[in-house]
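Asker: predicted model, plus sequence, below.
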Amino acid sequence: MRKAVLILIAMMVLQLFTAPAIAAMDLPQPDRNFYCLDQADMLSEESENAIINTSKNLQQKTSAQIVVVTVPTIGEDLVLEDYSLELFRQWGIGDKEKNNGVLLLIAQKERKSRIEVGYGLEGVLPDGKTGRIQDENLIPYFKNGQYDAGIINTYNALLKEVSQEYDIPYQPASGGQKPSPQKDENEISWPAIIFILIILYIIYRKTRGRGSSGRGPGGSGGGGYFGGGGYSGGGGFGGGGSFGGGGSAGGGGSSRGW
């Protein structure tokens, strides 16, 4: 009995500390499309529609929901993990009984992303895997300013895992911008071309000097155009209208910064 009272008191104290922070959150409200809310304007219209339609199809087949939300900022002195969890719960992402929702949240000003996972999918998308998904599919693109590609690729990686869990065909969303964050291996950069031309010119000068006559003592020099300095190749409306099923999450997932 005493232990139960102590636990109850501890929960009440914790609520006193967390309630003001939750009240201070300016959480976005879902619109009629629900599955994609791009307040930070990081997605093309084509990608938004692809996410909405693909998530709607997934929900109809499995009851699972994958939602993408971008916000300009989460607000001053707020923690991304708290913001994401509260948004997930208020929207009720996923089925109420299965808790099979996934949220991809992007905070533009804070330069942070988070994948929040419902209780029912934590075995499919453990923290480590959601971290790797962002490391491989989101961060490389975001560092190059390719937000549309990073979001659509991350969404598809999540979609693939959920599709496999429910044993349905994986049908990725087709976005509007999918450039690779890496340079094409067959592409030759302009610095490389210039470097090669300079080397060829120097060789030509040396060869021409050795074969010519009528020059003064010392012949022709090699021409000091540059001294050993290398170069670096440059890095070079769909339907919807359905809302959350009342799902919840307990903080499972991972966060990243770019």
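Answerer: Received the coordinates, thanks.
Asker: all helices of the stretch 51-200 of the chain, in order?
Answerer: For the stretch 51-200 of the chain, the helices defined by DSSP state H, counting those that start in this stretch occupy 80-91, 127-137, 139-142, 147-165, 190-211.
Asker: select, out of these, the one closest to residue 248.
Answerer: Nearest of the helices of the stretch 51-200 of the chain to residue 248, taken as C-beta to C-beta: helix 80-91 at 5.6 Å. For glycine as for every other residue, the C-beta is placed from the backbone atoms N, C-alpha and C.
Asker: report the buried residues of the longest strand seen in the chain.
Answerer: Using DSSP state E, we find that the single longest strand of the chain is strand 249-257. Going by neighbour count (16 or more other C-beta atoms under 10 Å), the buried part of strand 249-257 is 249, 252, 253, 254, 255, 256.
Asker: check stretch 84-100 too.
Answerer: Using 16+ other C-beta under 10 Å as the test for burial, stretch 84-100 gives 84-89, 91-95, 98-100.
Asker: nearest to residue 40, out of the helices of the stretch 51-200 of the chain?
Answerer: Ranking the helices of the stretch 51-200 of the chain by proximity to residue 40 (C-beta to C-beta) places helix 147-165 first, at 8.4 Å.
Asker: just the CA atoms of that closest one, as PDB, please.
Answerer: The C-alpha coordinates for helix 147-165 follow below in PDB (Å, rounded to 0.1, in the frame of the first residue of the first chain):
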ATOM      1  CA  TYR A 147      15.300  17.900 -48.500                       C
ATOM      2  CA  ASP A 148      12.700  16.500 -50.800                       C
ATOM      3  CA  ALA A 149      14.900  13.500 -51.700                       C
ATOM      4  CA  GLY A 150      15.900  12.900 -48.100                       C
ATOM      5  CA  ILE A 151      12.400  12.900 -46.900                       C
ATOM      6  CA  ILE A 152      11.000  10.700 -49.600                       C
ATOM      7  CA  ASN A 153      13.900   8.200 -49.300                       C
ATOM      8  CA  THR A 154      13.500   8.000 -45.500                       C
ATOM      9  CA  TYR A 155       9.700   7.500 -45.900                       C
ATOM     10  CA  ASN A 156      10.300   4.700 -48.400                       C
ATOM     11  CA  ALA A 157      12.700   3.000 -46.000                       C
ATOM     12  CA  LEU A 158      10.100   3.100 -43.300                       C
ATOM     13  CA  LEU A 159       7.400   1.900 -45.700                       C
ATOM     14  CA  LYS A 160       9.600  -1.100 -46.700                       C
ATOM     15  CA  GLU A 161      10.000  -2.300 -43.100                       C
ATOM     16  CA  VAL A 162       6.300  -1.900 -42.400                       C
ATOM     17  CA  SER A 163       5.300  -3.600 -45.600                       C
ATOM     18  CA  GLN A 164       7.500  -6.600 -44.800                       C
ATOM     19  CA  GLU A 165       6.000  -6.900 -41.400                       C
END
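Asker: hang on, the earlier thing: tabulate the buried residues of strand 249-257 (TSV), appending distance to residue 162 and pLDDT.
Answerer: Compiled in TSV, those are given as follows (distance: C-beta to C-beta, whole Å; pLDDT from 0 to 100):
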residue	distance to residue 162	pLDDT
249	14	80
252	14	91
253	14	95
254	16	97
255	20	98
256	20	98
